[in-house]
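In: Below are the sequence and a predicted model; questions follow.
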Amino acid sequence: QVQLIESGGGLVQAGGSLRLSCAASGRRFSSYTVGWFRQAPGKEREFVAAISWSGDIAYYAESVKGRFTISRDNAKNTVTLQMNSLKPEDTAVYFCAAGAGTYARTSSYDYWGQGTQVTVSS
C-alpha cells in the first residue's frame with residue numbers, strides 16, 4: 001500500500017513558478033512510476049508529467065514541455081514537480097499518482113493523492 005500527499009500549490013501570477021511535492025509512504029514506492037496529473041473545473045483529468053522508478057526517464061505533456069521538470073528522490077520517498085513560466089491555463093488541481101504501465105493513462109496508476117490547487121492569475 002502506498003499513500004501520497006501533495007503540497008506546494010497556491011496562487012501565483014502568470015510567468016511565476018511553483019514547486020509541487022509528492023510525499024509517499026510505503027516500502028514499494030521506489031519501484032513505481034510516479035505521475036503528475038491535473039484537472040481543471042469541467043474538464044477531464046489530464047497527464048502532465050511522469051518519471052520512471054529509477055528516475056532515469058521523464059515524460060512530459062507537450063503543453064508543459066520546457067517549462068516543467070519532474071524529479072524524484074527515492075531515499076526520501078518524494079517526487080517533485082518544478083513548474084516555471086506558469087500560464088493561466090495551468091490552473092487546476094494537481095494530483096500525484098504511483099503505478100506501473102503506460103505512463104500517460106490514469107488507469108495505469110493504482111495510488112492517488114488528494115490533490116493540491118494551483119491557480120495562475122493573468
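Out: Now that the structure is in, tell me what you want to look at.
In: Just give me the neighbour total for the closest residue in space to Gln3 that isn't next to it in sequence.
Out: Distances taken as C-beta to C-beta, 6 or more residues apart in numbering place Ser25 nearest to Gln3, at 4.7 Å, with adjacent residues excluded. Every residue, glycine included, has its C-beta placed from N, CA and C. If you count neighbours by other C-beta atoms under 10 Å, Ser25 ends up with 11.
In: Then Arg67?
Out: For Arg67, the neighbour count with other C-beta under 10 Å is 15.
In: what about the nearest residue to it once chain neighbours are set aside, how many residues close to it?
Out: Nearest non-adjacent residue to Arg67, counting by C-beta to C-beta, 6+ apart: Ser85, 4.6 Å away. Residues near Ser85, counting by other C-beta under 10 Å, number 13.
In: Run through the residues that contact Ser85.
Out: If a contact means C-beta atoms under 8 Å, 6 or more residues apart in numbering, then Ser85 has 15, 17, 67 as its contacts.
In: Which one of those is nearest to Glu6?
Out: Among those, Ser17 lies closest to Glu6 (C-beta to C-beta), at 16.6 Å.
In: Quick one: residues contacting the residue sitting nearest the centre point of the chain.
Out: What sits nearest the mean C-alpha location of the chain, by C-alpha atoms, centre = their mean, is Trp36, with 2.4 Å. Each residue near Trp36 by C-beta under 8 Å, 6+ apart is listed here: 20, 22, 48-50, 70, 79, 81, 94-97.
In: Please repeat the previous calculation with a cut-off of 10 Å.
Out: Applying C-beta atoms under 10 Å, 6 or more residues apart in numbering to Trp36 gives the contacts 6, 20, 22, 47-51, 60-61, 64, 68, 70, 79-81, 83, 94-97, 113.
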